[in-house]
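Q: Sequence plus predicted model, see below.
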Amino acid sequence: MTHPLVLQLRFARSEFQRGLVGVTDEEARRRFLPMNSIGWNIGHLAWQEQRYWLSRAQNRVLRPDIQEAFAYGAPASTPTLVDVQAAWHELTAAADPWLEAQTTETLQGGVTVTRSGGQPFVITFGSLLLRTIYHYWYHNGENQAIRQLVGHSGLPDFVGNIDDEAPYRPE
């Protein structure tokens, strides 16, 4: 059975994608300082999925271009919508088999990381999963703000159909 946190990640992903319906390439490339473009946000979340579930968990990097262009602290850019959406779909699909195999026990395992100038520490895959879920909601909100600035109305309601798609479920 799929771990409840993995179900929440899938819901956050689906809400993120629902929030992109109707965005044009021109709108996805538009930048309102100091925010990043919607396209960059999509690439950035693709980077995080690759970093956590492929690189850290499995020692795999499928898209070095994403690794470089959309890392935390990478320069702002305005990539095409079709390119970053393709990368996002590729990387999330590649991550899904590993995520599907996770249990409470395996999510308590982790990797050693070092933040700039700091001491190494172990971060659990469960904490990385929570970080990713919250990160999706942060950028979903940012994208909706950008959509309002370009004149979109009737945007998706916050939060979608969580009762059917990702209800609370104990382990």
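A: Okay, I see it. Residues are numbered from 1 along each chain as shown.
Q: And the residue of the chain most remote from its centre, how close does it get to residue 113?
A: Of all residues in the chain, residue 119 has its C-alpha farthest from the mean position, at 26.2 Å, by CA atoms, centre = their mean. Distance, residue 119 to residue 113, by CB to CB, to the nearest Å: 10 Å. For every residue, glycine as well, the C-beta is placed using N, CA and C.
Q: got the contact list for the residue minimising distance to the centre of the chain?
A: The centroid of the chain falls nearest to residue 45 when counting by CA atoms, centre = their mean (3.4 Å). Residue 45 sits next to 16, 88, 135, 136, 139 when contact means CB atoms under 8 Å, 6 or more residues apart in numbering.
Q: nearest to residue 126, of these?
A: Nearest to residue 126 among the contacts of residue 45, counting by CB to CB, is residue 135 at 14.8 Å.
Q: where's the residue lying closest to the closest one once chain neighbours are set aside, which helix or strand?
A: In space, and not counting its chain neighbours, residue 135 is closest to residue 48: 6.1 Å by CB to CB, 6 or more residues apart in numbering. Per DSSP states H and E, residue 48 falls inside helix 38-49.
Q: how far out from the middle of the chain is that helix?
A: Put simply, helix 38-49 sits 6 Å off its chain's centre (CA atoms, centre = their mean, to the nearest Å).
Q: helices or strands up against the very next helix or strand once past that helix?
A: Once helix 38-49 ends, the next helix or strand along the chain (criterion: DSSP H and E) is helix 57-58. The helices and strands touching helix 57-58, judged by 3 or more CB pairs under 8 Å, 6 or more residues apart in numbering; DSSP states H and E, number zero.
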